[in-house]
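In: the sequence and its predicted three-dimensional model are supplied below.
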Amino acid sequence: MRIAIFGVGAMGCLFGARLSPHAEVTLVGHWPEQIAALQRQRLRIIHPDRRDEFADLQATNSIDSLEPVDIALILTKSSGTEAAARSAAKVLAPDGIAITLQNGLGNLEILAEHVGADRATLGVTTEGASIDRPGVLRYGGRGATHLSTRPEINGHVQAFAELLQKGGMAARVLDDVSGLVWGKLAVNAAINPLTAVLGVTNGMLLESEAARSLMAAAAREVAAVAAAHGITLPFDDAAARAEDVAGLTATNRSSMLQDIERGVPTEIEVISGAVVRAGEARGIPTPVNAVLYRLVKTMEELAVIGRG
């Protein structure tokens, strides 16, 4: 199977490392330092027990030399979805499919617009990883990946899941992953914006009663919006789940915090912004998510002004 992974960040590299021994995989991205590092040497993966693993990855900043691919896996930040979707449409084989495993809401719709709704699907992953520096990946721990299928694409989806399993990843195929997508959204909306605004690790949120209260409120707002849209979350208490994840990832610096520190766009639009818009569509108030959205957007704007 031939696979193009769009995104050379942490998740792109992690999935590339797991898939490369079992398929023909090329990573496509626009981070010059990362691409240069991957072309120069093997990816170094640092495990939680400090064990090192190395993986050979093919990486490029252009799709021009790619042969038609069976799977286009979208793992860019949401700000890169449009460009990745356009590129995926150009490199997919006639019977190929595109899969997004990105955070938040709205990415599937953009992907479908470019590759066709009949060739686009989504999934959700709880695998954890971050980039230490170009060419060095810090693995946060094993999670699970769930892929959504339909009869017309089931062969490709099942084959992709089997490749993930061969690479040591937990992967399952389901008819509907919307509950899992919203469940992850509830956790992300509770943790990521707060860590970005406060400048703290995930675990530090649990050290402050005020922060815990905000985290719980944000998670419960997502649960209320999901219920209004007829979606059942995979847990009974969104606030408790967010606290559990914050504890399990206590030393992690969320991707949103890292984006703020680097002065690059965050995924606030597809996380808190998506919650607010989905709430408005059903008349569900989301005051905490709305404030967090505005705060992170302000931080993004000030970072742009500062660079100017």
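Out: Ah, there it is. Residues are numbered from 1 along each chain as shown.
In: now the helix or strand hosting residue 172: how far from the chain's centre is it?
Out: Per DSSP states H and E: residue 172 is located in strand 170-174. Computed by Cα atoms, centre = their mean, to the nearest Å, the separation of strand 170-174 from the middle of its chain amounts to 16 Å.
In: same question, stretch 296-305
Out: Counting by Cα atoms, centre = their mean, stretch 296-305 comes out at 22 Å from the chain centroid.
In: about what we covered before: tell me the strands beside the strand holding residue 172, with direction?
Out: Under the criterion DSSP bridges, strand 170-174 sits next to strand 144-148 (parallel) in its sheet.
In: put the alpha carbons of the partner strand into PDB.
Out: Extracted in PDB, the C-alpha atoms of strand 144-148 (Å, rounded to 0.1, in the frame of the first residue of the first chain):
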ATOM      1  CA  ALA A 144      -5.900   3.900  20.500                       C
ATOM      2  CA  THR A 145      -7.000   4.900  17.000                       C
ATOM      3  CA  HIS A 146     -10.600   4.500  15.800                       C
ATOM      4  CA  LEU A 147     -11.500   4.800  12.100                       C
ATOM      5  CA  SER A 148     -14.900   5.400  10.600                       C
END
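In: re earlier: flag every buried residue along the strand holding residue 172.
Out: By 16 or more other Cβ atoms under 10 Å, the buried positions in strand 170-174 come out as 171, 173. Every C-beta, even on glycine, is put in place using the N, C-alpha and C of the backbone.
In: what residues does that strand touch?
Out: For strand 170-174, contacts defined as Cβ atoms under 8 Å, 6 or more residues apart in numbering pick out 142-149, 154, 157-158, 161-162, 164-165, 180.
In: now with 10 Å, please.
Out: Strand 170-174 is contacted by residues 18, 123-127, 142-149, 154, 157-158, 160-165, 180 when judged by Cβ atoms under 10 Å, 6 or more residues apart in numbering.
In: among the residues you listed, which ones are buried?
Out: Buried among the contacts of strand 170-174 (16+ other Cβ under 10 Å): 18, 123-127, 145-149, 157, 160-161, 163-164, 180.
In: so which of the residues you listed are in strands?
Out: If you go by DSSP state E, the buried ones among the contacts of strand 170-174 have 123, 124, 125, 145, 146, 147, 148 in strands.
In: straight-line length of stretch 59-74, end to end?
Out: End-to-end distance of stretch 59-74: 14 Å, with Cα to Cα, to the nearest Å as the criterion.
In: roughly how far is that stretch from the heart of the chain?
Out: Distance of stretch 59-74 from the chain centroid (Cα atoms, centre = their mean) equals 19 Å.
In: please enumerate the helices of the stretch 151-300 of the chain.
Out: Residue ranges of the helices in the stretch 151-300 of the chain, as given by DSSP state H, counting those that start in this stretch, are 154-166, 178-198, 209-228, 238-248, 255-262, 274-282, 287-307.
In: on the three-state scheme, residue 12 is what?
Out: helix (DSSP: H, G, I helix; E, B strand; the rest coil).
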